[in-house]
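Enquirer: Build me a model:
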Amino acid sequence: MNTLHEILENLDRNAPMSIDEIVQEEVKTWMSSDERKLMLTGQAYYRVKNDILNRTRKAIGPDGKLTQVHNLADNRIPHGFVRKLVDQKVGYLLSKPFLARTDDAGYQVQLDNYFDQGFRRMLKNLGKNAINSGKAWVQVYYNEAGELAFQLIPSEEIIPLWRDSAHTELDAVIRVYDQIVYVAKDKKIITKVEFWNKDGVRRYESEAGDFRFVDFAAHFSLVADEEQPYNWERVPFICFKYNGEEQPLIDIIKRQVDDYDNKISDNANNLEDLPNSLYVVKDYDGTSASEFRKNMAIYRVAFVNGTGGIDSISIDIDTEAHKTHIEQLRKDIYEFGRGVDTQSERFGNSPSGIALKHLYADLDLDANDMESEFQASLEQLLWFIDQHIYNSTGKDYSNTPVEFIFNRDITINETEAVTNAKNSMGVISNRTILANHPWVTSVEDEEAQIEKEREADMEQYPELTGGEVDDETS
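Expert: Predicted coordinates:
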């Protein structure tokens, strides 16, 4: 028969985990996960802190093993392909003003207040985070002024607990981040952990392996006569994905970028290390090899004994093979990274509109995927805005259609576009022509300016419009 102690131990082993234990286990797993490491790698490569910077020059030692050497060139040359591709994608899709349009005038005013210039700037940063990390996160909260606000949260701080395999609905979110605190005169770093679900938020602290519960609170509180806690009906975090697979750009092109860095750095080392010739010393044992090299490098003099002598053997670096490999790597980086290589020969001689569309086809395809994911995320964000408007004004816009418009920064052949616009006069409406003219940024402003100039001409030359001519000026 089992003792009471053994029975209690068995029950404890087979009992379901508590919320606190689940949170602790999830945080432990996340901190060492490959997904989080990949996020940090993507962010590092965006800052051009590539792995090549951590490489050391090695050679085969006397024991036949690789050992670090300090007397040879050790060039470590990183390249900013990731940064260029990320900025290119963000600039193409998110650099022009983002619009939220609805037919309801009152609702439009409300939306313009939330999707303002500050939100557009945050959306660009969201795009960068999503591409670098596979997904980006926004937290919905109320600021100190009691206004609905949105906060960009670093991707590596968020552990999502999804309700479905498609990752469209959240059951809960765990946020883990470090915070600097001062205890007396000591500076400490404490890990903060928050578990968010529809019931509220549980807060924890972790320090030196000690994981402890701190408190439980509602999502937000409203203060009238007294403070009242409230919860959203959803977890107040929105995921913005780079693609449906949540795969960051760095996972697709890291090997090609690393190979490019290595080959360029190796070639720089070879050019710096290798002399134009290799010296063969005959019948000479006066100095060691290192001293001989030093004499040749510094004094350009070699001393020989008897019939000894020095012959030289030319060393040729296969520059053509190196150039071919580098060019192919560059093509692969832009091919697999779905970007546009602006150094490509195809950009020469002012390409036509059709040629430009072909050059931008991969970038456009990637932007389509990203826009589709962002559209879905903005719909989720809109739910919180609609709820806030209803709670604060009593107006329900939840069933009012809203269209999110992304204005892409498409490179065009301006001369060709202007000619096409001119040739379309009388075939299509003037408004459509203005909307597609490369020099027009706002159709409404341009129409107003045209009307203003027309009225000015009527006042100055009334005879051209059938008006009466002033006798004094006739």
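
Enquirer: three-state assignment of residue 152?
Expert: Under DSSP: H, G, I helix; E, B strand; the rest coil, the three-state class of residue 152 is strand.

Enquirer: Please look at it and residue 137 and confirm they touch.
Expert: Yes: the criterion here is CB atoms under 8 Å, and residue 152 meets it with residue 137 at 7.4 Å. No exception for glycine: its C-beta is placed from N, CA and C like everyone else's.

Enquirer: roughly how far apart are the residue most central in space within the chain and residue 403?
Expert: The centroid of the chain falls nearest to residue 128 when counting by CA atoms, centre = their mean (2.3 Å). According to CB to CB, to the nearest Å, residue 128 stands 25 Å off from residue 403.

Enquirer: Equivalent analysis for residue 205, please.
Expert: Computed as CB to CB, the residue 205 to residue 403 distance reads 44 Å.

Enquirer: So between those two, which is more surrounded?
Expert: residue 205 (15 against 10; other CB atoms under 10 Å).

Enquirer: so the more buried one sits in a strand?
Expert: Yes: counting by three-state DSSP, residue 205 is part of a strand.

Enquirer: unless I'm mixing things up, it is touching residue 192, no?
Expert: Yes: counting by CB under 8 Å, residue 205 touches residue 192, with 6.2 Å between them.

Enquirer: and the residue nearest to the centre of the chain, what is it in contact with?
Expert: 46, 86, 87, 90, 136 (CB atoms under 8 Å, 6 or more residues apart in numbering).

Enquirer: Can you tell me the element residue 173 falls in?
Expert: strand 170-183 (DSSP states H and E).

Enquirer: Show me what that strand is in contact with.
Expert: 23, 26-27, 30-31, 153-154, 157-163, 187-197, 234-235, 237, 239.

Enquirer: end-to-end on stretch 150-158?
Expert: Using CA to CA, to the nearest Å, one end of stretch 150-158 lies 16 Å from the other.

Enquirer: what's the answer for stretch 209-222, then?
Expert: Start-to-end span of stretch 209-222 (CA to CA) is 36 Å.

Enquirer: Show me what counts as buried in that stretch.
Expert: Neighbour-count burial for stretch 209-222 flags 211, 219, 220 (criterion: 16 or more other CB atoms under 10 Å).

Enquirer: SS state for residue 130?
Expert: helix.

Enquirer: Tell me which stretches of the stretch 101-250 of the chain form helices.
Expert: With DSSP state H, counting those that start in this stretch as the criterion, the stretch 101-250 of the chain has helices at 105-114, 117-133, 250-273.

Enquirer: Deepest-packed of those helices, please.
Expert: Highest mean neighbour count among those (mean count of other CB atoms under 10 Å): helix 117-133, with a mean of 19.

Enquirer: could you dump it to CSV, C-alpha only?
Expert: Output of helix 117-133 as CSV, limited to C-alpha atoms (Å, rounded to 0.1, in the frame of the first residue of the first chain):
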residue,chain,number,x,y,z
GLN,A,117,-0.2,60.8,-39.2
GLY,A,118,1.0,59.2,-36.0
PHE,A,119,-0.7,55.9,-36.9
ARG,A,120,0.7,56.0,-40.4
ARG,A,121,4.2,56.3,-38.9
MET,A,122,3.5,53.4,-36.6
LEU,A,123,2.2,51.4,-39.5
LYS,A,124,5.6,51.8,-41.3
ASN,A,125,7.4,50.5,-38.2
LEU,A,126,4.9,47.7,-38.0
GLY,A,127,5.9,46.8,-41.5
LYS,A,128,9.6,46.7,-40.7
ASN,A,129,9.0,44.6,-37.6
ALA,A,130,6.7,42.2,-39.5
ILE,A,131,9.3,41.6,-42.3
ASN,A,132,12.2,41.3,-39.9
SER,A,133,10.4,39.0,-37.4
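
Enquirer: so how far is that helix off the chain centroid?
Expert: Remark: helix 117-133 is offset 8 Å from the chain centroid, using CA atoms, centre = their mean, to the nearest Å.

Enquirer: Determine the angle, from 0 to 180 degrees, between that helix and helix 105-114.
Expert: Comparing the axes of helix 117-133 and helix 105-114 via axes from the mean of the first three to the mean of the last three CA atoms, to 10 degrees yields an angle of 60 degrees.

Enquirer: model confidence over the helix ranked longest in the chain, on average?
Expert: Using DSSP state H, we find that the single longest helix of the chain is helix 361-393. Across helix 361-393, pLDDT averages out at 95.

Enquirer: Kindly report the same for stretch 326-345.
Expert: Here the average pLDDT along stretch 326-345 is 92.

Enquirer: which other residues reach that stretch?
Expert: Contacts of stretch 326-345 (CB under 8 Å, 6+ apart): 81, 84-85, 88-89, 249, 252-253, 256-257, 259-260, 263-264, 359-360, 362-363, 365-366.

Enquirer: Now that stretch: buried residues?
Expert: 329, 330, 332, 333, 334, 337, 338, 339, 340, 341.

Enquirer: Can you give me the distance of the last one to residue 331?
Expert: Looking back up the chat, that one is residue 341. Separation of residue 341 from residue 331 (CB to CB) stands at 7 Å.

Enquirer: Doesn't residue 440 belong to a helix?
Expert: No: going by three-state DSSP, the assignment for residue 440 is coil, not a helix.

Enquirer: which residues touch it?
Expert: Taking CB under 8 Å, 6+ apart as the test, what residue 440 contacts is 434, 446.

Enquirer: ok so, going back, next, the angle from the longest helix of the chain to strand 170-183.
Expert: 80 degrees.

Enquirer: which residues touch the helix or strand just after helix 361-393?
Expert: Once the chain leaves helix 361-393, the next helix or strand it forms, by DSSP H and E, is strand 403-405. Strand 403-405 is contacted by residues 98, 99, 100, 101, 102, 374, 375, 378, 379 when judged by CB under 8 Å, 6+ apart.
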